[in-house]
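S.K.: next come a sequence and a model predicted from it.
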Amino acid sequence: MSSVTGSESTINAFVDAIHPSFDYLLSCTAFSACLFTLLVVLFAFSTKESRRRVVFRLNVFAICLTLILGILTGLSNGKAITDPFDQVSKNVYIATAAFAVIPPLLYDSILLSRLFALYPVSSTPPATLLKIFAFPFCVKCARIVVISVGLSNYVRSGLNTSSLVQDQLATWFRNPMPIAEWSMQVADNLYSVSLFLYNLHVRTAPVHRSEHAHPTSGIADRIRQIFYISVANFVFPLMFNIAQIVSVTTDHSPTTGAVLVLINNYVTVMGVLCATLWFSGTEWVRAHNQPQSEDSFPLNAKLGRMHGASGKSGDDILVIGGRSLGGDTTNSDVGLMKGSDRRTAPARDGNHSSV
């Protein structure tokens with residue numbers, strides 16, 4: 001009887017020991033499979049024009065980083081399950097932690113790049129750019145410092161993988177480094193998304209008024225979709241950020257918090273990727289259904305301000321893709337003419353900004 005009890009205790013102890021690694025491995029495997037599928041779909045719907053854009057390349061780079069995170073997590077935790085007495089090297093374990101905490105800076109920067117669609121560098125005064133991007137730049141610099149100090153302390157905390165795991169268990173609860181990083185991440189994303197949505201609303205108000213007068217173009221529906229995608233890009237990562245902060249301040253075990261960190265990486269990348277897929281899919285359909293209708297809405301949503309043909313500041317035009325809406329409808333060279341169907345020709349500028 002005692003031998004049976006001893007065997008059950010040994011099995012239970014082994015299961016308890018590998019349970020966190022199993023959770024990490026299961027989460028990364030499922031989300032990596034979904035992300036790889038989305039990557040294939042992204043290339044399938046992309047065109048030569050879209051693949052040349054910086055946003056597209058940044059998205060592919062972000063996906064590759066996340067897939068590397070999945071590979072390293074699978075390697076580290078798979079080894080811990082199959083051979084718990086001979087785990088991966090310290091360098092591999094540290095690389096796994098680094099790929100879990102550093103790439104979110106890049107993902108947030110991709111989301112921040114949407115502001116350049118509203119404030120093009122070539123036409124926006126430097127003072128305005130400084131006012132807009134000073135806060136997120138300072139926040140990102142502070143996040144870099146916090147992540148660097150935290151990883152440096154983590155690397156020095158143990159001589160091998162086992163000691164790093166034990167240190168993680170001991171220092172997780174109410175650790176100020178992850179709390180500071182995730183709090184700044186919330187503030188960073190909140191600023192970027194709020195500014196983007198506010199400017200999107202202000203600058204597209206003439207489009208909504210024009211849509212009521214000419215309800216055939218469907219531009220308002222596309223702008224509404226951009227709004228929903230932008231909100232989703234922010235809401236879901238925000239929920240996981242808050243859950244991470246709650247976990248680190250209330251749970252002594254890092255298992256739940258580490259799973260949330262892994263899932264948040266995937267959810268953030270998938271949010272950015274889904275926005276790109278929407279635009280790439282629209283462009284793919286447009287490229288395979290030529291000739292394009294005059295009233296179609298180009299996917300590159302070039303939202304901005306430019307001056308009218310007269311060069312006066314009062315002749316500002318709202319540019320959305322290749323269509324423009326003039327603030328002064330008396331100018332015959334720009335905008336939608338009052339009581340007329342005349343529209344400006346599509347813009348020939350090749351430097352498009354994807355949202």
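M.R.: Good, I have the coordinates. Residues are numbered from 1 along each chain as shown.

S.K.: for the strand or helix carrying residue 163, name the packing helices and strands.
M.R.: Here residue 163 sits within helix 161-171, counting by DSSP states H and E. Under the contact definition 3 or more CB pairs under 8 Å, 6 or more residues apart in numbering; DSSP states H and E, helix 161-171 sits against helix 90-101, helix 126-156. C-beta here means a position set from N, CA and C on the backbone, and glycine is covered the same way.

S.K.: show me where this protein has its strands.
M.R.: With DSSP state E as the criterion, the chain has strands at 304-306, 317-320, 323-326.

S.K.: that older thread, which of the helices and strands packed on helix 161-171 sits most buried?
M.R.: Ranked by mean neighbour count under mean count of other CB atoms under 10 Å, the helices and strands packed on helix 161-171 are led by helix 90-101, which reaches a mean of 18.

S.K.: compute the inter-axis angle for the helix holding residue 163 and helix 126-156.
M.R.: Going by axes from the mean of the first three to the mean of the last three CA atoms, to 10 degrees, helix 161-171 is angled at 120 degrees with respect to helix 126-156.

S.K.: now do the buried residues in helix 161-171.
M.R.: Of all the residues in helix 161-171, those buried under the rule 16 or more other CB atoms under 10 Å are 161, 164, 165, 168, 171.

S.K.: in a markdown table, list those residues along with distance to residue 144 and pLDDT.
M.R.: Output for those, formatted as a markdown table (distance: CB to CB, whole Å; pLDDT from 0 to 100):
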| residue | distance to residue 144 | pLDDT |
| --- | --- | --- |
| 161 | 26 | 89 |
| 164 | 22 | 90 |
| 165 | 26 | 88 |
| 168 | 22 | 86 |
| 171 | 21 | 87 |
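
S.K.: which one of these sits closest to residue 98?
M.R.: Relative to residue 98, the closest of the buried residues of helix 161-171 is residue 164; by CB to CB it sits at 12.4 Å.

S.K.: what's the closest non-adjacent residue to that closest one?
M.R.: Distances taken as CB to CB, 6 or more residues apart in numbering place residue 158 nearest to residue 164, at 4.1 Å, with adjacent residues excluded.

S.K.: give me the phi and psi angles of the one you found.
M.R.: Backbone geometry at residue 158, expressed as degrees, to the nearest 10, gives phi -150, psi 150.

S.K.: tell me how many other residues surround the closest residue to residue 20 other than its chain neighbours.
M.R.: Ranked by CB to CB, 6+ apart and with sequence neighbours excluded, the top spatial neighbour of residue 20 is residue 255, at 4.3 Å. Residue 255 sits with 16 neighbouring residues when counted by other CB atoms under 10 Å.

S.K.: could you pull out the helices for the protein?
M.R.: Assigned by DSSP state H, the helices in the chain fall at 2-45, 48-51, 54-82, 90-101, 103-112, 115-118, 126-156, 161-171, 176-203, 205-213, 219-250, 255-287.

S.K.: helices and strands around the second one, which ones?
M.R.: So that's helix 48-51. When contacts are defined as 3+ CB pairs under 8 Å, 6+ apart, helix 48-51 packs onto helix 255-287.

S.K.: same check, this time on the longest one
M.R.: Under the contact criterion of 3+ CB pairs under 8 Å, 6+ apart, the helices and strands touching helix 2-45 comprise helix 54-82, helix 255-287.

S.K.: contacting residues around residue 17?
M.R.: The contact partners of residue 17, by CB atoms under 8 Å, 6 or more residues apart in numbering, come to residue 84.

S.K.: where's it relative to residue 7, distance?
M.R.: Noted for residue 17: a distance of 16 Å to residue 7, by CB to CB, to the nearest Å.

S.K.: show me which of the buried residues of helix 161-171 is closest to residue 117.
M.R.: Residue 117 lies nearest to residue 168 out of those, by CB to CB, at 40.6 Å.

S.K.: returning to that earlier point: how about the CA coordinates for the helix holding residue 163, as CSV?
M.R.: Output in CSV follows, covering the C-alpha atoms of helix 161-171 (Å, rounded to 0.1, in the frame of the first residue of the first chain):
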residue,chain,number,x,y,z
THR,A,161,18.5,27.5,-16.3
SER,A,162,17.3,25.9,-13.1
SER,A,163,18.4,28.9,-11.0
LEU,A,164,16.8,31.2,-13.5
VAL,A,165,13.5,29.3,-13.1
GLN,A,166,13.7,29.5,-9.3
ASP,A,167,14.5,33.2,-9.4
GLN,A,168,11.5,33.8,-11.6
LEU,A,169,9.3,32.0,-9.1
ALA,A,170,10.8,34.1,-6.3
THR,A,171,10.7,37.5,-7.8
